[in-house]
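Undergrad: fold the following for me, if possible:
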Amino acid sequence: MSMIDQIKNTISITDALEKYAGVNFFKAKTSRRSFNIRCPYHNDRSPSFTVYTDTNSFFCWGGCNDGKAGNVIDIVKLSLNLDYYKAVETIISDYGLTEPDSAQAKEWQRKKVNTQLVAALQKKFNKKLIQSIDKLKWVEKLLNDAISTIKTPEDLDQVGDLYHIIRQVEHWLVCLIDDDPHIQFQTLEEVNCFIKEINGKVF
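TA: Residues are numbered from 1 along each chain as shown. Got it, this is the predicted structure:
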């Protein structure tokens with residue numbers, strides 16, 4: 001078991017965010033598997049930084065960390081503007097880490113395998129979320145373009161229903177970045193059905 005594995009297995013992502021990024025958490029929230037906060041690394045108007053406590057990782061929907069999921073080491077890199085090795089050295093020094101014994105190494109290896117599996121599933125889920133958000137943004141633009149053509153009561157009679165659809169699209173966009181994965185999953189199913197229905201149609 002390497003020191004890198006020890007860092008990833010012993011230091012929580014929330015602790016690293018508090019220590020290095022100055023994030024203050026509501027303690028009740030840190031027990032959840034995932035939740036959103038305002039990203040500490042870009043001007044974030046709405047919470048777009050998802051913290052995954054089950055995989056000890058994070059993902060910024062605004063593209064920070066080169067658009068990739070990150071871990072504790074990435075938090076230190078981004079917060080202190082360090083390269084990878086300097087970030088590792090900083091964590092070892094700050095937390096007084098030492099080489100693990102064999103029992104710890106075996107336990108961390110087991111956790112690593114489980115974490116990698118969960119992370120792979122989370123990556124696929126995130127990809128689906130991003131694809132659905134992109135599709136909804138495209139639909140939203142089409143709807144707004146169509147609505148902008150309304151000039152007369154007759155036009156309103158023809159495309160007035162679009163106002164209801166765009167409200168639904170806006171609702172889905174909010175739900176897809178919710179901090180509850182159950183809401184995200186349910187929304188994905190609804191969006192997939194919606195996209196299938198409108199495939200081939202032009203507003």
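Undergrad: so what's residue 47 up against?
TA: Remark: with contacts taken as CB atoms under 8 Å, 6 or more residues apart in numbering, residue 47 is in contact with 36, 37, 38, 39, 177, 179. C-betas here are computed from N, CA, C, even on glycine.
Undergrad: give me the nearest residue to it, chain neighbours excluded.
TA: Once its chain neighbours are removed from consideration, residue 47 has its nearest residue in residue 36; the separation is 3.8 Å (CB to CB, 6 or more residues apart in numbering).
Undergrad: residues near the one you found, how many?
TA: 19 (other CB atoms under 10 Å).
Undergrad: again, but for residue 114
TA: Applying the criterion other CB under 10 Å, we find 12 residues in the vicinity of residue 114.
Undergrad: quick one: it is in a strand?
TA: No. Counting by DSSP: H, G, I helix; E, B strand; the rest coil, one finds residue 114 to be helix, located in no strand.
Undergrad: ok, residue 169 touching residue 140?
TA: Yes. Taking CB atoms under 8 Å as the definition, residue 169 is a contact partner of residue 140 at 5.1 Å.
Undergrad: more neighbours: which of these two?
TA: Under the criterion of other CB under 10 Å, the comparison of residue 169 against residue 140 puts residue 169 first, with 20 against 16.
Undergrad: lowest-pLDDT helix or strand in this structure?
TA: Comparing helices and strands within the chain by mean pLDDT, DSSP states H and E singles out helix 153-159 as the least confident, with a mean of 67.
Undergrad: tell me the buried residues in the helix or strand just after that helix?
TA: Where DSSP states H and E defines the elements, the next helix or strand beyond helix 153-159 is helix 162-176. By neighbour count, and taking 16 or more other CB atoms under 10 Å as the criterion, the buried residues in helix 162-176 are 162, 165, 166, 169, 172, 173, 175, 176.
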